[in-house]
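Student: no sequence on hand, only this structure:
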């Protein structure tokens with residue numbers, strides 16, 4: 001049976017009357033789409049008084065790259081004033097946003113509506129956008145209506161919980177890397193565990209189960225950001241995105257982001273053989289040569305491996321991410337490096353994304369890291385089951 005997302009159910013009597021009671025500020029992006037292929041902003045405009053749009057990272061229409069500044073102004077396609085929730089991020093995407101909640105503009109509306117497709121990862125900034133929006137709504141006494149969407153990589157939980165010492169815009173709360181929640185469930189978690197006090201209304205999914213991947217839902221797929229164009233890239237993202245904190249490419253700037261990895265110093269045959277010898281479940285590797293057009297090594301030949309995920313249920317992207325880094329360290333000790341902090345006293349990007357120093361400090365083996373992180377994921381799943389809706 002086809003899954004119905006929040007925007008499909010917007011005309012249910014109770015929430016419909018509530019939304020017609022005031023000026024609407026809509027936090028959305030190009031992934032905000034109904035099951036009949038209509039954009040959320042268009043549906044909302046037909047029935048409600050939408051007076052402001054709020055854009056996350058990548059902008060309302062999903063055209064901007066990671067960390068690029070999102071400017072405000074009147075959106076040329078809808079004619080609605082648009083405000084950035086990402087305008088003051090510093091150069092490094094792991095930095096905190098200054099003024100990213102656009103509290104002044106939120107103060108000029110009566111109700112905030114949130115509808116964006118998450119990817120099931122702590123790294124992905126849409127969850128941070130939600131957290132900031134809830135904090136601001138609470139401080140201003142504004143209700144937030146969240147139109148829920150599926151977690152595209154199922155409800156499986158994996159990876160360590162963020163040490164709050166490393167909280168940043170690519171991980172603001174202590175959830176596992178693969179958090180296993182929908183954004184509606186995360187919003188309940190934020191209110192419950194961080195005492196935000198946000199007046200929260202959730203338009204729930206229908207016909208979604210925690211073992212479903214996105215293709216199982218029947219919901220239209222629109223890439224949630226420029227570098228996540230396919231479900232394979234989203235499935236691999238929790239692992240290969242760890243390379244963002246290194247001098248190895250995670251495939252950004254190519255047509256296969258997050259499913260192609262490498263560096264100019266890598267021998268693709270030897271590297272691929274080494275990875276296949278690890279016997280990682282659900283994935284195989286073939287040699288890859290690619291030339292990124294942006295991000296790391298633009299217009300340079302990069303050598304490495306392509307990922308072929310053949311069984312999502314057994315594939316562990318987080319083990320893959322840690323294994324990739326340890327393999328590069330082992331094979332290319334004089335070439336591989338972690339990206340240095342943006343300034344003195346700042347944290348390493350790898351620590352911000354992984355949420356601690358386990359990967360960078362090199363003390364623990366892959367198995368030891370995974371045992372430690374799995375224990376944290378299992379505890380989180382047990383302790384926070386009360387926030388689940390499905």
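Tutor: Alright, I've got the coordinates. This is a predicted model, so every value here is computed, not measured.
Student: center of this protein, which residue is that?
Tutor: residue 124 (2.0 Å; C-alpha atoms, centre = their mean).
Student: that one against residue 117, yeah?
Tutor: No. Using C-beta atoms under 8 Å, residue 124 makes no contact with residue 117, being 9.8 Å away. Backbone N, C-alpha and C define where each C-beta goes, glycine included.
Student: which neighbours do the two share?
Tutor: Residues touching both residue 124 and residue 117 by C-beta atoms under 8 Å, 6 or more residues apart in numbering: residue 224.
Student: what's the spacing between the residue nearest to the centre of the chain and residue 362?
Tutor: With the distance defined as C-beta to C-beta, to the nearest Å, residue 124 ends up 27 Å from residue 362.
Student: flag the shaky bits of the stretch 1-150 of the chain, pLDDT-wise.
Tutor: 62-63, 67, 87-103 (pLDDT under 70).
Student: on contacts alone, who are the packing partners of the longest helix that the chain contains?
Tutor: When the chain is parsed with DSSP state H, its longest helix is helix 366-383. Contacts defined by 3 or more C-beta pairs under 8 Å, 6 or more residues apart in numbering; DSSP states H and E place helix 366-383 against strand 158-161, strand 176-178, helix 317-331, helix 358-361.
Student: ranking those by burial, who's on top?
Tutor: Comparing these by mean neighbour count (mean count of other C-beta atoms under 10 Å), strand 176-178 comes out on top with a mean of 27.
Student: quick one: that strand to chain centroid distance?
Tutor: 10 Å (C-alpha atoms, centre = their mean, to the nearest Å).
Student: report the inter-axis angle for the very next helix or strand once past that strand versus helix 366-383.
Tutor: Sequence order places helix 183-194 as the next helix or strand after strand 176-178, per DSSP states H and E. If you take axes from the mean of the first three to the mean of the last three C-alpha atoms, to 10 degrees, helix 183-194 sits at 90 degrees to helix 366-383.
Student: ok, and what's touching stretch 289-308?
Tutor: By C-beta under 8 Å, 6+ apart, the list of residues contacting stretch 289-308 from outside reads 65, 232, 236, 240, 247-249, 251-254, 256, 259-264, 266-268, 271-272, 275, 283-288, 320.
Student: just to revisit the earlier point, quick check: the residue nearest to the centre of the chain vs residue 319, distance?
Tutor: As judged by C-beta to C-beta, residue 124 and residue 319 stand 19 Å apart.
Student: same deal with residue 202?
Tutor: According to C-beta to C-beta, residue 202 and residue 319 sit 33 Å apart.
Student: got it, and residue 226?
Tutor: Distance, residue 226 to residue 319, using C-beta to C-beta: 27 Å.
Student: list the buried residues of stretch 151-158.
Tutor: Buried positions in stretch 151-158, judged by neighbour count with 16 or more other C-beta atoms under 10 Å: 151, 152, 153, 154, 155, 156, 157, 158.
Student: OK, contacts around the first one?
Tutor: The one in question is residue 151. Applying C-beta under 8 Å, 6+ apart, the residues near residue 151 are 118, 120, 180, 181, 182, 210.
Student: one more: residue 233?
Tutor: Neighbours of residue 233 in contact, by C-beta under 8 Å, 6+ apart: 227, 256, 257, 258, 259.
Student: isn't residue 40 right next to residue 33, touching?
Tutor: Yes. Under the criterion of C-beta under 8 Å, residue 40 makes contact with residue 33 at 6.7 Å.
Student: overlap of the contact sets of those two?
Tutor: Shared contacts of residue 40 and residue 33, defined by C-beta under 8 Å, 6+ apart, comprise residue 7.
Student: let's have the helices and strands packed on helix 366-383 in a markdown table, adding distance to residue 382 and mean pLDDT.
Tutor: Below are these laid out as a markdown table (distance: least, C-beta to C-beta, whole Å; pLDDT from 0 to 100):
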| stretch | distance to residue 382 | mean pLDDT |
| --- | --- | --- |
| strand 158-161 | 12 | 98 |
| strand 176-178 | 12 | 98 |
| helix 317-331 | 19 | 98 |
| helix 358-361 | 22 | 98 |
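Student: right, and those - which one's nearest residue 25?
Tutor: Residue 25 sits nearest to strand 176-178 of all the helices and strands packed on helix 366-383, at 30.4 Å, using C-beta to C-beta.
Student: who are the packing partners of that closest one?
Tutor: strand 158-161, helix 317-331, helix 366-383.
Student: need the nearest residue in space to residue 29, chain neighbours excluded.
Tutor: Nearest residue to residue 29 in three dimensions, chain neighbours excluded: residue 116, at 4.9 Å (C-beta to C-beta, 6 or more residues apart in numbering).
Student: for that neighbour, give me phi and psi.
Tutor: phi -140, psi 150 (degrees, to the nearest 10).
Student: quick check, it in contact with residue 56.
Tutor: Yes. Under the criterion of C-beta under 8 Å, residue 116 makes contact with residue 56 at 6.4 Å.
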